[in-house]
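Peer 1: this is the structure alone, sequence omitted:
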């Protein structure tokens, strides 16, 4: 006795009986969908149509037509005079200050230099007449040219002038 097949769309009434060949023809036409329920020999339980072997043809992948070959990009060369080399990345900002030259102070008259740093000079004042030297030191910003400071000598009781010279080095 040949197998009899039945199918139903969703909750609709069973249709059939059909032979295996008739079922394949119905599947090819689209009457039987993969989501339909299928029964063999009017059994109590149906199965999903996709679970029945050889009912549907294997899904052949639709051949994708090859893409037309792209034309090679057109390269236009610029005249040699117009070609500029790429700019090198900046390592310092455009607003970077110009490094300041180192300043030095030289004692000319009435001064003994104690030390210099950061554009400042530390010196002791000394009387040019009696050679009395002050015990404390004074600090002054170094500028280019002659720098003058007044000094009162406690020994001579006179006002004296101290001269230093500032140079860029």
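Peer 2: That came through, no problem. Model, not experiment: these values are computed from the prediction.
Peer 1: which stretches of this protein have low pLDDT?
Peer 2: 1, 59-86, 88, 90-96, 98 (pLDDT under 70).
Peer 1: domains for it, by residue range?
Peer 2: The chain breaks down by automatic domain parsing into domains covering 5-51, 103-168.
Peer 1: and the last one, how far out from the chain middle?
Peer 2: Averaged C-alpha coordinates place domain 103-168 at 55 Å from its chain's average position (CA atoms, centre = their mean, to the nearest Å).
Peer 1: may I have the distance across it, first residue to last?
Peer 2: Start-to-end span of domain 103-168 (CA to CA, to the nearest Å) is 5 Å.
Peer 1: got the buried residues for the longest strand along the chain?
Peer 2: The single longest strand within the chain, with elements called by DSSP state E, is strand 158-168. Residues of strand 158-168 classed as buried: 160, 162, 164, 165, 166 (neighbour count, 16 or more other CB atoms under 10 Å). No exception for glycine: its C-beta is placed from N, CA and C like everyone else's.
Peer 1: the last one pairs with what?
Peer 2: Yep, that's residue 166 we're talking about. Counting by DSSP bridges, residue 166 forms beta bridges with residue 105, residue 145.
Peer 1: distance of it from residue 128?
Peer 2: 20 Å (CB to CB, to the nearest Å).
Peer 1: next: the third one.
Peer 2: Residue 164 sits at a distance of 13 Å from residue 128 (criterion: CB to CB).
Peer 1: swap in the fourth one?
Peer 2: Shown here: residue 165 relative to residue 128, a distance of 16 Å by CB to CB.
Peer 1: quick one: the helices in the protein?
Peer 2: 20-29 (DSSP state H).
Peer 1: the strands in it, which residues?
Peer 2: Taking DSSP E to define them, one finds strands in the chain at 5-8, 15-18, 37-40, 47-48, 103-109, 111-117, 120-125, 138-141, 145-153, 158-168.
Peer 1: of the ones you listed, which approaches residue 89 most closely?
Peer 2: Among those, the nearest to residue 89 by CB to CB is strand 158-168 (32.7 Å).
Peer 1: list the helices and strands that closest one packs on?
Peer 2: Applying 3 or more CB pairs under 8 Å, 6 or more residues apart in numbering; DSSP states H and E, one finds that strand 158-168 makes contact with strand 103-109, strand 111-117, strand 120-125, strand 145-153.
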